[in-house]
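Undergrad: quick one, fold the following:
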Amino acid sequence: MAEPLKVGLIVGREWSMPPALIEEIRSRNAGVVAEFVKLGGTRMNEPVPYRVIVDRISHEVPYYRTYLKNAALQGVKVVNDPFMWSADDKFFGASLAVRMGVASPKTLVLPNKDYVPGIVHDESLRNLMYPLDWDWILSYVGLPCVLKDAHGGGWKDVYVVHSKEELLARYNHSGTLTMILQEFIQWDEYARCMVLGQERVHVMRYDPRTRYYAPEHGFSTELYTRLLEDSLKLCRALGYDMNTCEFAIKDGVPYAIDFMNCAPDMDIYSLGEVNFRWCVRNMADMCIALAKGEGMTADRYVWRSHAKVTRNV
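TA: I've put the predicted structure just below:
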């Protein structure tokens, strides 16, 4: 009997989805099993025993990110692509969305407030204008507006500011973070869409003020269809197989607010039972399909042919 294909999970503190996913995959009897990856140092071109690895925490544990890049070089399908996630930012995403016909708030990226040691301001930053023209900046995005970390997530370092003085106070405490300034959409409704495998979309009504997911979305058919289609456009363009796309809906128009949630919340205690079960079932479907398929993370990169990377396992 052939050995089952393996799906590896790299996780953090969350402890409802991972064991549920492992059990769901096991229960399918599809020739695929799942387990937690165990690591203690990685050799160059070290063989990887997994066909698929699901990454839920490498954005906070840099060694995991490095390991996942090695796994991609060995022909593994990594969810999500560690190379793209390392390079992505919210300013690029907003610009990309608009070019694809997805509504997105006006967005402007700011020079950093502070820099790493070794940067001499009057020598190292010759290309930067100083002081910044804050009136010109605010004339583009308007007030109120949202100041947030271009690479952040989980609503960390996100501020709604209502005046130039408040903006400057927040900006002056942003340190070495690269911040974006974004038009504030005074939304009537809000949606968070879970997207898996660039094919499966679960549209959820969400309230970011209370962090509440409704068990039923209740959107009109027209709005639901647009949310689904825009979510797929974004995830397919960015190459994410596990993501949530957030939309602030004003006057019936869904504005893509945030779609770089590559380790999206899948905890039963926040999603609720209905949404959680959808995630577990569809994560299992995706992992099994990817394990049995031919795709690799390396497929997207020039180095694949130069390094002669072939499908792992």
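
Undergrad: for the stretch 101-250 of the chain, what spans make up the helices?
TA: 121-124, 134-141, 164-171, 221-238 (DSSP state H, counting those that start in this stretch).

Undergrad: what sits up against the least confident helix or strand in the chain by mean pLDDT?
TA: Ranked by mean pLDDT, DSSP states H and E, the helix or strand of the chain with the weakest confidence is helix 82-87, at a mean of 86. Contact partners of helix 82-87, identified using C-beta atoms under 8 Å, 6 or more residues apart in numbering, comprise 55, 58-59, 65, 68-69, 72, 238-240, 262, 297, 300-301. Glycine gets a C-beta too; all of them are placed from N, C-alpha and C.

Undergrad: flag the shaky bits of this protein, pLDDT-wise.
TA: Across the chain, the ranges flagged by pLDDT under 70 are 1.

Undergrad: domain parsing for it?
TA: 5-86+290-307, 106-183, 187-261 (automatic domain parsing).

Undergrad: contacting residues for residue 163?
TA: Residues in contact with residue 163 (C-beta under 8 Å, 6+ apart) are residue 143.

Undergrad: please, where are all the strands along the stretch 51-200 of the chain?
TA: Ranges of strands in the stretch 51-200 of the chain, per DSSP state E, counting those that start in this stretch, are 52-55, 77-79, 107-109, 145-149, 158-161, 179-183, 189-196, 200-207.

Undergrad: save the ones you listed as CSV, and put in mean neighbour count and distance to residue 276 too.
TA: Putting the strands of the stretch 51-200 of the chain into CSV (neighbours: other C-beta atoms under 10 Å; distance: least, C-beta to C-beta, whole Å) gives the following:
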stretch, mean neighbour count, distance to residue 276
strand 52-55, 27, 16
strand 77-79, 26, 18
strand 107-109, 19, 32
strand 145-149, 20, 27
strand 158-161, 16, 25
strand 179-183, 23, 30
strand 189-196, 24, 10
strand 200-207, 19, 11
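
Undergrad: neighbours around residue 277, how many?
TA: Applying other C-beta atoms under 10 Å, we find 14 residues neighbouring residue 277.

Undergrad: give me the phi and psi for it.
TA: Main-chain torsions, residue 277, degrees, to the nearest 10: phi -60, psi -40.

Undergrad: again with residue 11
TA: Dihedral pair for residue 11: phi -130, psi 170, per degrees, to the nearest 10.

Undergrad: do you know how far it is from residue 19?
TA: 10 Å (C-beta to C-beta, to the nearest Å).

Undergrad: looking at those two, which is more packed in?
TA: Each of residue 11 and residue 19 has its neighbours counted (other C-beta under 10 Å); residue 11 has more, 18 against 14.
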